[in-house]
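Participant: what would the 3D arrangement of this be:
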Amino acid sequence: MIKIELIRSRIGALPKQRRVLDALGLRRMHSVREFQDTAAIRGMIAKVVHMVKVVRHEA
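Facilitator: Modelled structure (predicted):
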């Protein structure tokens, strides 16, 4: 499992990056979501790595 927190504002982000944040459910600053650590989620994180903080923890 990994936790993802939005640490930079969506203002000024490219439309593709906004779609990724919407798909991840990160709509507000400092919102946190938890996901299974899959290749699809890792690919989404790679698109917005400069805007999010990723915390991995063992369940």
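Participant: ranges for the helices of the chain?
Facilitator: 15-24, 39-47 (DSSP state H).
Participant: quick one: mean pLDDT over the longest one.
Facilitator: With pLDDT averaged residue by residue, helix 15-24 scores 96.
Participant: which parts of it are buried?
Facilitator: Of the residues in helix 15-24, those with enough neighbours to count as buried (16 or more other CB atoms under 10 Å) are 20-21, 24. (Glycine included, C-beta is placed from N, CA and C.)
Participant: repeat for the shortest one
Facilitator: Within helix 39-47, the residues scored as buried using 16+ other CB under 10 Å are 41, 44-45, 47.
Participant: nearest to residue 10, of the residues you listed?
Facilitator: Distances from these to residue 10 were compared by CB to CB; the smallest belongs to residue 47, at 13.0 Å.
Participant: sorry, back to before: ok, so of the buried residues of helix 15-24, who is nearest residue 13?
Facilitator: residue 21 (7.3 Å).
Participant: reformat the buried residues of helix 39-47 as JSON lines; add distance to residue 12 and pLDDT.
Facilitator: Supplementary listing: these in JSON lines, determined by distance: CB to CB, whole Å; pLDDT from 0 to 100:
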{"residue": "41", "distance to residue 12": "24", "pLDDT": "95"}
{"residue": "44", "distance to residue 12": "19", "pLDDT": "96"}
{"residue": "45", "distance to residue 12": "19", "pLDDT": "95"}
{"residue": "47", "distance to residue 12": "15", "pLDDT": "96"}
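Participant: hmm, back to that, can you list the helices of the chain in TSV and add distance to residue 5?
Facilitator: Formatted as TSV, the helices of the chain follow (distance: least, CB to CB, whole Å):
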stretch	distance to residue 5
helix 15-24	11
helix 39-47	11
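Participant: ok, and the closest non-adjacent residue to residue 3?
Facilitator: Residue nearest to residue 3 in three dimensions, not counting chain neighbours: residue 55, with 4.5 Å by CB to CB, 6 or more residues apart in numbering.
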